[in-house]
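Asks: here is a sequence with its predicted model. Questions after.
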Amino acid sequence: MDDRAAGALSLPDDWPAHPDLSLALNRMGSFDWDLDSGLMHLDRPALDVFDLRADEYDNRPQTLGLRVPPDEGVRLDAVVSETLKSGRSTYGAYFRLQSRDGTLRWAHTQGFVRRDDGGRPRRIIGIVRDAGPELAESAARRELDEELRRRTSLVDATTAALAHARTVKDVIEVLKNSEGLALLGATSLVMGLIEAGRIHLVADGPEGSFVPGTRYTRTDEQYPMSEVVRTLGPRFIESAEDFAASYPVLWPHISHLGITSAAYLPLIAQARPIGALGLLYSGKGGFTADERNLLLALGSSIAQSLQRAMLYEQEHDLAEGLQQAMLPRRIPDVPGARIAVRYRSARLGRDIGGDWYDVIPLPGGRVGAVIGDVQGHDTHAAAVMGQLRIVLRAYAAEGHSPATVMARASVFLHELDTDRFATCTYAEADLTTGVVQLVRAGHVDPLVRDADGGCRRVPSEGGLPLGLSAEFGRLEYPVGTVELDPGQTMVLFTDGLVELPGADLDEGTQRLTALVTDGPQDLDQLADRLCASVDERGGEDDVALLLLSRKAAQAPQPGGRLQQHVAQNDPEALSSARHMIRAAVRAWGAGDRADEVELAADELVTNALMHTDGGAIVTIRVLAGPERRLRIDVEDRSSALPRRRDAGEAGVSGRGLLLVDQLADGWGVESRGTGKCVWSEFVVPPRD
């Protein structure tokens, strides 16, 4: 009985197993670290965890640096140091190891601190084990969950990012930035848009990937984008071999990019193709069904965003063209003045608005400067602005006073088929005397910068905005006067230049005054600086700016002026005017041309008396400038313009203007508010 029992209970010779065997079977080893000597013993299984041979390890922890990356070593040292300082007896940490072949894997260590009677740490005994399998399983679960979340949110995230894209370039930038490509899982992308039956490549992938001759391609060519546009179906390229076999013309040019797979998607909006998108992958082979469905959903979202962007760009180009057509194409050169103008479009709506500027050359060394703002930021505002600018320019060129110009413009706007009103400032500057007449219609006050850089606001009494003053029957526009000395600059602007979020116009005007004071002396540079300040603070309104500076060196000075009224049927007045002209010419040192001047003036006066119902006003004056000129003005109340005509051999009239044309160095006709002025000029020698 005892023998049978003893036989039944016979056990292996190595039972129970040594702990080292149990640890080794679980890829676990032990260590014993003597803190006084600094030596650390690792058993054979521990060396296997570190992928070290016995002859590679000298019992010094520093030698483990062969397998422990520096950042991991620093982290482990911090864990051990914190345990020793805190008085705890145990610690544990996960860390990465670098295997002999260079791959990284996870390990785990646990240590027990042995201290002496005084609490001083002497040894650390512990284990180290391979934690790769357990972490891999956990990581796989996390990655699967993360992938599901990523796939769920990818379309939403991309759509949200594309919602802020207004142009095709914006769409491309959203897709090409690192975050967008990471969401798509691609390394780069290419995109083409259909233009006039061809595919225009608008995004050409990574640097060095552009293939000459593919900027524009036909839809019947052997390229992947052409294929998906032609078939309206996606093309998933599973491998480099698949790419090379399917597209032998394209592949030799891009084989050096390391592309292992690609997905080409047709971009379809409103049931028609507008382009194609190609996503290029490195290190990826094939596409799962979920990935294909995800990319198709993304392609649809991208196509919708592109269509919106393309429509926006078309509207923007149309609006911008309209805006430019409404503004002056060029600013005329005005003797005695330096002028700079700028227009900055709005950042809301359609990047178009009703702000405008204009410069109007006027007779007698005068110039009209206009700045205005039609209510609204749309094409209607721009159209109204263009019409208003033209009629205001016409009224000023006819010779009306500044107040009359503004009143007539208000009546015009009121009678126009629109509900818009406009603010405006009209400044008529006499560059000879420097006197500026200002009229404001609900607009902000201008600024004047002195030659030494100081800047001040020029307050002036104003009237109601254009359109409203006519509606309420208050067409009176008071005229303010300011003298512009040589070297001074008048700054006319719209309120978009001084509007600040959460602040009133006075604060904005003070800020603008400081900018003008500290700004560059050159007018163009100053204009650029002022517009840049709006971009820096994110202004959302359009801005018009006009800078008018009176030149110091070339400001003409008056050289004399005489005037006389000649009534019809008044021979004595006509004779007196002739004597006045003869005497003035000789007194001003132009006696050599006295006969020519007198004869031309006589023809102009006679023409006015014969062909109009009223008398004439004769003015003679000297204009100073690069060359000294004597000018004769003959004004009458008729709007009918004189014309040269062939008198014929027996004709007794018709030769007057031909004679003036031969005698004078220049002549012309200027409209005035109450009629016209016919003038002639003669170059005369400078006075000694």
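Replies: Happy to help now that I have it. Numbers count the residues shown, from 1 in each chain.
Asks: ok, now which ones touch residue 586?
Replies: residue 594 (C-beta atoms under 8 Å, 6 or more residues apart in numbering). C-beta: built from backbone N, CA, C; applies to glycine.
Asks: what about it, distance to residue 130?
Replies: Separation of residue 586 from residue 130 (C-beta to C-beta, to the nearest Å) stands at 118 Å.
Asks: what sits up against stretch 112-127?
Replies: 23, 28-36, 46, 80, 83-84, 87-91, 109-111.
Asks: these in helices, which ones?
Replies: 23, 46, 80, 83, 84 (DSSP state H).
Asks: quick one on the thing from earlier: among the contacts of stretch 112-127, which lie within strands?
Replies: Mapping the contacts of stretch 112-127 onto strands (DSSP state E) picks out 28, 29, 30, 31, 32, 33, 34, 90, 91, 109, 110, 111.
Asks: remind me, longest helix of this protein?
Replies: Max-length helix for the chain by DSSP H is helix 289-326.
Asks: so after that one, what's the next helix or strand?
Replies: Where DSSP states H and E defines the elements, the next helix or strand beyond helix 289-326 is strand 337-344.
Asks: next, the angle helix 289-326 makes with that following strand.
Replies: 150 degrees (axes from the mean of the first three to the mean of the last three C-alpha atoms, to 10 degrees).
Asks: residues in contact with strand 337-344?
Replies: Outside strand 337-344, the residues that reach it (C-beta under 8 Å, 6+ apart) are 323, 327-328, 331, 355-357, 359, 367, 369, 429, 431, 496, 523-524, 526-528, 530-531, 534-535, 539, 542-551.
Asks: generate a ChimeraX selection restricted to the buried subset of those residues.
Replies: In ChimeraX syntax, the buried subset of these is picked out as below (16 or more other C-beta atoms under 10 Å):
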select :323,327,328,355,356,357,359,367,369,429,431,496,523,526,527,528,530,531,534,539,542,543,544,545,546,547,548,549,550
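Asks: got a list of what residue 528 touches?
Replies: residue 342.
Asks: name the nearest residue to residue 92, sequence neighbours excluded.
Replies: residue 110 (4.5 Å; C-beta to C-beta, 6 or more residues apart in numbering).
Asks: can you report how many residues neighbour that neighbour?
Replies: Using other C-beta atoms under 10 Å, the number of residues around residue 110 comes to 14.
Asks: OK, contacts around it?
Replies: 90, 91, 92, 126, 127 are the contacts of residue 110 under C-beta under 8 Å, 6+ apart.
Asks: phi first, then psi, for the last one.
Replies: Pointing back at residue 127 there. Backbone torsions for residue 127, taken as degrees, to the nearest 10, come to phi -130, psi 160.
Asks: hey, what's it bridged with?
Replies: With DSSP bridges as the criterion, residue 127 is bridged to residue 30, residue 110.
Asks: tell me which other helices or strands the longest helix of the chain touches.
Replies: In terms of contacts (3 or more C-beta pairs under 8 Å, 6 or more residues apart in numbering; DSSP states H and E), helix 289-326 is packed against helix 132-162, helix 168-176, strand 261-269, strand 272-281, helix 379-397.
Asks: tell me which residues in that helix are buried?
Replies: 294-295, 298-300, 302-310, 312, 316, 319, 322-323, 326.
Asks: which of the contacts of strand 337-344 fall within helices?
Replies: Using DSSP H, the contacts of strand 337-344 in helices are 323, 523, 524, 526, 527, 528, 530, 531, 534, 535.
Asks: let me have the residues you listed in a markdown table, extended by distance to residue 471.
Replies: A markdown table is the format used below for the ones in helices among the contacts of strand 337-344 (distance: C-beta to C-beta, whole Å):
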| residue | distance to residue 471 |
| --- | --- |
| 323 | 27 |
| 523 | 37 |
| 524 | 39 |
| 526 | 38 |
| 527 | 35 |
| 528 | 38 |
| 530 | 33 |
| 531 | 34 |
| 534 | 32 |
| 535 | 36 |
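Asks: got the contact list for the residue nearest to residue 525 when sequence neighbours are not counted?
Replies: Nearest non-adjacent residue to residue 525, counting by C-beta to C-beta, 6+ apart: residue 519, 7.6 Å away. If you count contacts by C-beta under 8 Å, 6+ apart, residue 519 has them with 525, 526, 529, 530.
Asks: tell me the pLDDT at residue 519?
Replies: Residue 519 carries a pLDDT score of 90 in this model.
Asks: helix or strand: which one has the residue lying closest to residue 500 once chain neighbours are set aside?
Replies: Distances taken as C-beta to C-beta, 6+ apart put residue 508 closest to residue 500, at 4.8 Å, once the chain neighbours are dropped. Using DSSP H and E, residue 508 sits within helix 505-518.
Asks: tell me the bridge partners for the residue nearest to residue 79 when sequence neighbours are not counted.
Replies: Once flanking residues are discounted, residue 79 sits nearest to residue 93: 4.8 Å by C-beta to C-beta, 6+ apart. With DSSP bridges applied, residue 93 shows beta-bridge pairing to residue 109.
Asks: likewise for residue 436?
Replies: With DSSP bridges as the rule, residue 436 is bridged to residue 429, residue 482.
Asks: show me what contacts it?
Replies: Residue 436 touches 427, 428, 429, 430, 481, 482, 483, 484, 490, counting by C-beta under 8 Å, 6+ apart.
Asks: for residue 362, same thing?
Replies: Neighbouring residues of residue 362 by C-beta under 8 Å, 6+ apart: 368, 396, 397, 399, 428.
Asks: neighbours of the first one, how many?
Replies: Using other C-beta under 10 Å, the number of residues around residue 368 comes to 21.
Asks: just the residues contacting the helix holding residue 508, thanks.
Replies: By C-beta under 8 Å, 6+ apart, helix 505-518 touches 444-445, 447, 449, 453-457, 491, 493, 495, 497-500, 526, 529-530, 533.
Asks: pLDDT at the most centrally placed residue in the chain, what is it?
Replies: Nearest to the geometric centre of the chain sits residue 535, at 8.1 Å (C-alpha atoms, centre = their mean). Note on residue 535: pLDDT of 78.
Asks: likewise for residue 223?
Replies: pLDDT recorded at residue 223 is 90.
Asks: show me the contacts for it.
Replies: 199, 214, 217, 247, 249, 250 are the contacts of residue 223 under C-beta under 8 Å, 6+ apart.
Asks: sorry, back to before: what comes up buried for the helix holding residue 508?
Replies: Under 16+ other C-beta under 10 Å, the buried positions of helix 505-518 are 508, 509, 511, 512, 513, 515, 516.
Asks: try stretch 237-252
Replies: Those would be 237, 240, 242, 243, 247, 250, 251, for stretch 237-252 by 16+ other C-beta under 10 Å.
Asks: okay, that stretch in PDB with CA atoms only?
Replies: Output of stretch 237-252 as PDB, limited to C-alpha atoms (Å, rounded to 0.1, in the frame of the first residue of the first chain):
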ATOM      1  CA  ILE A 237      -4.000  52.300 -57.000                       C
ATOM      2  CA  GLU A 238      -2.900  49.500 -54.700                       C
ATOM      3  CA  SER A 239       0.900  49.400 -55.300                       C
ATOM      4  CA  ALA A 240       3.800  51.000 -57.100                       C
ATOM      5  CA  GLU A 241       3.600  48.100 -59.600                       C
ATOM      6  CA  ASP A 242      -0.100  48.900 -60.200                       C
ATOM      7  CA  PHE A 243       0.800  52.600 -60.800                       C
ATOM      8  CA  ALA A 244       3.600  51.700 -63.200                       C
ATOM      9  CA  ALA A 245       1.500  49.300 -65.200                       C
ATOM     10  CA  SER A 246      -1.600  51.500 -65.400                       C
ATOM     11  CA  TYR A 247       0.100  54.800 -66.200                       C
ATOM     12  CA  PRO A 248       3.400  54.200 -68.000                       C
ATOM     13  CA  VAL A 249       3.600  57.800 -69.300                       C
ATOM     14  CA  LEU A 250       3.300  59.400 -65.800                       C
ATOM     15  CA  TRP A 251       5.100  56.800 -63.500                       C
ATOM     16  CA  PRO A 252       8.700  57.300 -64.800                       C
END
